[in-house]
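**Q** sequence first, predicted model second:
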Amino acid sequence: MLRPLLIFWLIIYSIRYRTRPWNFFQLNSDYFNSEKNIFSKLELDKYIPKRWRLKQVADDGQLVPEFPVFVKPEWGQNAHGVSSAKDLTELNAIRRKRSVNSVTFLLQEGAKETREFEIFYIRAAENLENAALLSVTETVNQSRELLPVNSVKNANSSYHDRTARLSSDDLQGIWTMMKEIGFFRIARVGVRANSIEELLAGNFHVMEVNIFLPMPLLLLDPKLDWASKYLFIKKSMKSAARLAGNGFQPKKRYPIFFRQLIAHYRVKE
């Protein structure tokens with residue numbers, strides 16, 4: 001129900017502002033790798049400042065990394081194809097199960113911080129240095145796994161909006177840090193920190209930067225009432241429609257949606 005509503009209001013506001021709704025898929029096209037036909041997680045690493053970056057390398061099937069690690073496809077959504085390994089035995093078992101040899105997998109250092117947060121933002125069309133919208137959602141996992149693979153498909157994962165607990169100064173501080181991670185027009189940045197206070201102090205590591213159709217995960221908070229979710233959907237899609245208009249012209253257009261869809265299903269095979 002949520003995704004259709006997001007699409008519906010994107011189209012409505014695109015009509016209102018006389019913008020092309022398909023421009024939405026081009027908002028971060030500067031970071032699209034046209035040779036690999038993906039937004040490469042490995043390439044996005046270089047836009048993460050070193051103090052927040054986790055070690056991540058392409059898995060050649062022989063490398064012995066420091067454990068624990070996450071094993072993930074170079075591009076994917078909803079944690080498809082992602083696993084975690086606490087030792088070489090588990091890593092080799094994961095490697096043997098791979099059915100798609102043409103997909104590059106990465107080994108990412110497991111963050112030592114204990115809590116997981118998703119920061120979603122959309123830049124302001126009238127001034128790209130500002131955020132039109134920013135939210136902070138905490139991901140909680142009920143299992144006792146050392147490195148749980150959280151996703152909307154994981155029954156142990158739940159999402160809890162923390163935005164209302166933060167002051168305007170707190171949110172501005174988070175935005176100031178997010179601006180150091182690339183120049184994405186819309187994004188969801190997954191981070192690990194030991195507390196909200198540590199997050200605000202800049203003591204965190206970035207697990208992932210999602211710049212293709214990033215879902216604002218606060219919409220999955222079971223305690224957030226429907227009216228609040230509906231207002232957020234309208235506000236976010238209004239901001240997105242304005243951002244995709246307002247004179248926006250990508251340097252080069254790519255068939256991003258269809259190429260990402262193909263890459264997604266290759267990982268799912």
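**A** Structure received.

**Q** okay, and the beta partners of residue 131?
**A** residue 123 (DSSP bridges).

**Q** mind checking the backbone torsions on residue 12?
**A** Here is the backbone geometry of residue 12 (degrees, to the nearest 10): phi -60, psi -50.

**Q** residue contacts, it?
**A** residue 237 (CB atoms under 8 Å, 6 or more residues apart in numbering). No exception for glycine: its C-beta is placed from N, CA and C like everyone else's.

**Q** now it: how far from residue 160?
**A** 29 Å (CB to CB, to the nearest Å).

**Q** show me the helices in this protein, by range?
**A** 2-16, 41-44, 88-97, 168-178, 196-200, 226-244, 256-268 (DSSP state H).

**Q** reformat those helices as a markdown table; add mean pLDDT and distance to residue 131.
**A** Shown next, in a markdown table, are the helices of the chain (pLDDT from 0 to 100; distance: least, CB to CB, whole Å):
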| stretch | mean pLDDT | distance to residue 131 |
| --- | --- | --- |
| helix 2-16 | 93 | 18 |
| helix 41-44 | 94 | 19 |
| helix 88-97 | 93 | 38 |
| helix 168-178 | 98 | 5 |
| helix 196-200 | 98 | 16 |
| helix 226-244 | 96 | 9 |
| helix 256-268 | 63 | 23 |
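
**Q** measure the closest residue to residue 229 other than its chain neighbours to residue 137 for me?
**A** Counting by CB to CB, 6 or more residues apart in numbering, the nearest residue to residue 229 once its immediate chain neighbours are dropped is residue 219, at 5.3 Å. Counting by CB to CB, the gap between residue 219 and residue 137 amounts to 9 Å.

**Q** before we move on, back to that, can I get the helices of the chain in CSV including distance to residue 188?
**A** Converted to CSV, these look like this (distance: least, CB to CB, whole Å):
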stretch, distance to residue 188
helix 2-16, 13
helix 41-44, 12
helix 88-97, 25
helix 168-178, 10
helix 196-200, 15
helix 226-244, 11
helix 256-268, 15
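
**Q** many thanks, we can stop here.
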